[in-house]
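Visitor: Next comes the sequence, and after it the predicted model I'd like to discuss.
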Amino acid sequence: MIRLTYFEIRKNYLRGYVVIALLVFLLLNIFIIYKNYVSGDSNTLGYNLPHSAKYEKWWNSYDDMHDKLSGKLTMDKVRFVVDEYNRLIAMVSDRSYSTEEQEDTYTGYIWGDYVFITKYFYRPMKYISTYESAIKQVIKNAEDNIEFYSQSGNNFDKTKNQFIKEHYSERKVSVFYNSKVWDILFKYSFSDLLIILLMFLGIVPIFVNEKVSKMEPLILSSRKGRINMSFVKVFSVLLYIVFLVSFFSSINFLVFKLLYGLSGIEMPIYAIEAFQYTPLNCSVGMFYVLQILLKALGFFVFGMWICIISALFQRVIYPYLISALSMVVGIYASGYVASIETIKTILALISPFTLLSSNRLFNELLAVNIRDIFYLRAHVAIIIQVCIMVFLYFLIYTLISTKSLGIKKKLFMKVGV
């Protein structure tokens, strides 16, 4: 079985054009990350300024300030930021500042210093300083809601608030890092498109090639060959996808680490303001690992769909076109992951591409109402995709078995003749 798997990998995924595409896409992926870094990450709504000579003093002050303030949150650090904020806002409010460039400033200008301190230090530090008290209020509201919904007989909202009380308790943030960079990493998705393209190159021909090389009748003529063909091909697809997801995720992490720093890997995920209401209590590092696992599952389910399409056609052009169309439909359906409409929610849960958007699945409390009981939407999506994965494997096996019976029937008729 190991030798057959190796043969499948060498035959389908170590082809010259696949390896060349992988190397080209690797360079393209690194270029896109660097381009976003230099241009200031336009997808973050203007959070970061461009990394250019014009803002060199700004970024030097930014790095120096984070070296001074990052780490365990202390009263001295908070007091320093608050004092700087109060000093600058007083100058900006009464317009007593000079509009000329000044040497004894962080950015070169007083107004720039005000924006600098407010945007990158005062507001983020205020968020983590007040998070514990804010989440305690959320829990208190949940406790009140449990009593109210128990009396009104609303079991769904009762179980939802019980979940909040259980999973949001004892939360606090005691460290300060640049959490926005982690948010940018979690949302970075260009490499996902590259993985899909590499899946097309490697997986689409997986069954078509057997027909072109006239190997399909020979393999399917025996029961052992039929079993091996279904299992080994699906297993090779799994290995290929795990490699692609792990490879690009590792590259993304290393390039982000090199360019941005990515400090605070052990800080809680809710230290990122966009995840303040997440149902998870893991670290940002563990969330990135979870994101990798969910992507691997989502891509694998899509890869099995491609296998079925490949097994149905004699010419490779049709699987390519249908797979591309399936990708577009699946990505479109996954956009409804946070929808409150039942039909749209179902479409999102069925789409394997929903698991590629783990930042949207987990950045807030998304629920599914099943028989008046609260279920986390992410958990339902994972269960549905696992069920689809099992169903698709048996569908592939059945399809191969049906072809095998047809081939045996033809052989029998030839012998009879």
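Guide: Thanks, I have it. Residues are numbered from 1 along each chain as shown.

Visitor: Give me the next element, helix or strand, following the helix-or-strand element of the chain with minimal mean pLDDT.
Guide: Using mean pLDDT, DSSP states H and E, helix 216-220 stands out as the lowest-scoring helix or strand of the chain, at a mean of 48. Counting by DSSP states H and E, the next helix or strand C-terminal to helix 216-220 is helix 223-260.

Visitor: List the buried residues for that following helix?
Guide: For helix 223-260, burial by neighbour count (16 or more other CB atoms under 10 Å) applies to 225-226, 228-234, 236-238, 240-241, 244-245, 248-249, 252-253, 255-256, 259-260. (Each C-beta comes from the backbone N, C-alpha and C, glycine too.)

Visitor: And for stretch 351-370?
Guide: Residues of stretch 351-370 classed as buried under the neighbour-count rule (16+ other CB under 10 Å) are 351-363, 365-368.

Visitor: I'd like the average pLDDT over that stretch.
Guide: The pLDDT scores in stretch 351-370 average 92.

Visitor: what are the C-alpha coordinates of that stretch, in CSV please?
Guide: In CSV, the C-alpha atoms belonging to stretch 351-370 read as follows (Å, rounded to 0.1, in the frame of the first residue of the first chain):
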residue,chain,number,x,y,z
SER,A,351,-19.7,24.6,1.3
PRO,A,352,-16.2,23.2,2.2
PHE,A,353,-14.8,26.7,1.6
THR,A,354,-16.5,27.8,4.8
LEU,A,355,-13.8,26.1,6.8
LEU,A,356,-11.3,28.3,5.0
SER,A,357,-12.8,31.3,6.8
SER,A,358,-12.1,30.3,10.3
ASN,A,359,-11.5,33.9,11.3
ARG,A,360,-15.2,34.6,10.4
LEU,A,361,-16.4,31.3,12.0
PHE,A,362,-14.8,32.1,15.3
ASN,A,363,-14.4,35.9,15.7
GLU,A,364,-17.9,36.1,17.2
LEU,A,365,-20.6,33.8,18.6
LEU,A,366,-22.3,32.3,15.6
ALA,A,367,-25.1,30.0,16.5
VAL,A,368,-27.3,27.3,14.8
ASN,A,369,-30.8,26.6,16.2
ILE,A,370,-31.4,22.8,16.0
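
Visitor: Go ahead and measure how far it is from the middle of the chain.
Guide: How far stretch 351-370 lies from its chain's middle: 10 Å, per CA atoms, centre = their mean, to the nearest Å.

Visitor: cool, stretch 76-92 as well?
Guide: With CA atoms, centre = their mean, you get 37 Å for stretch 76-92.

Visitor: can you give me phi and psi for Ser351?
Guide: Backbone geometry at Ser351, expressed as degrees, to the nearest 10, gives phi -70, psi 130.

Visitor: nope, Glu100 is what I meant
Guide: phi -80, psi 160.

Visitor: again with the one 10 residues further on
Guide: According to degrees, to the nearest 10, the main-chain angles of Ile110 amount to phi -60, psi -40.

Visitor: can you map out the helices along the stretch 301-417 of the chain?
Guide: Applying DSSP state H, counting those that start in this stretch to the stretch 301-417 of the chain gives helices spanning 317-334, 342-350, 358-362, 377-416.

Visitor: care to break the chain down by domain?
Guide: The chain breaks down into these domains under automatic domain parsing: 2-43+178-415, 71-176.

Visitor: lowest-confidence stretch among those domains?
Guide: Among the domains of the chain, domain 2-43+178-415 scores lowest, with a mean of 86.

Visitor: Please, where are all the strands along the stretch 1-150 of the chain?
Guide: Under the criterion DSSP state E, counting those that start in this stretch, the stretch 1-150 of the chain contains strands at 71-72.

Visitor: Quick one, which of the helices of the stretch 301-417 of the chain gets closest to Ile9.
Guide: Proximity of the helices of the stretch 301-417 of the chain to Ile9 was assessed by CB to CB; the nearest stretch is helix 377-416, lying at 17.9 Å.

Visitor: how about the nearest residue to Ile265, chain neighbours excluded?
Guide: Distance criterion CB to CB, 6 or more residues apart in numbering; nearest residue to Ile265, sequence neighbours excluded, is Gly285 at 4.1 Å.

Visitor: Remind me what the helix or strand containing the one you found packs against, helices and strands.
Guide: Taking DSSP H and E as the definition, one finds Gly285 inside helix 284-312. Where contact means 3 or more CB pairs under 8 Å, 6 or more residues apart in numbering; DSSP states H and E, helix 284-312 is packed against helix 179-187, helix 190-203, helix 205-212, helix 223-260, helix 317-334, helix 358-362, helix 377-416.

Visitor: Can you report how many residues neighbour the nearest residue to Ala367 once chain neighbours are set aside?
Guide: Nearest in space to Ala367, with sequence neighbours left out and distances taken as CB to CB, 6+ apart, is Phe374 at 5.4 Å. By other CB atoms under 10 Å, the residues close to Phe374 number 19.

Visitor: From Asp144, how far off is Phe374?
Guide: In this view, Phe374 and Asp144 are 17 Å apart by CB to CB, to the nearest Å.

Visitor: Repeat that for Ile383.
Guide: To Asp144, Ile383 is 31 Å away according to CB to CB.

Visitor: same deal with Ala378?
Guide: Counting by CB to CB, the gap from Ala378 to Asp144 is 26 Å.

Visitor: okay, those two: which has more neighbours?
Guide: Taking other CB under 10 Å, Ala378 and Asp144 do not tie; Ala378 has more neighbours (22 against 11).

Visitor: Quickly note the distance from the more buried one to Val208.
Guide: Here Ala378 is placed at a distance of 35 Å from Val208 (CB to CB).

Visitor: if we can go back for a sec, how about JSON lines for the helices and strands packed on helix 284-312, with distance to Lys68 added?
Guide: JSON lines is the format used below for the helices and strands packed on helix 284-312 (distance: least, CB to CB, whole Å):
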{"stretch": "helix 179-187", "distance to Lys68": "17"}
{"stretch": "helix 190-203", "distance to Lys68": "34"}
{"stretch": "helix 205-212", "distance to Lys68": "55"}
{"stretch": "helix 223-260", "distance to Lys68": "18"}
{"stretch": "helix 317-334", "distance to Lys68": "42"}
{"stretch": "helix 358-362", "distance to Lys68": "30"}
{"stretch": "helix 377-416", "distance to Lys68": "38"}
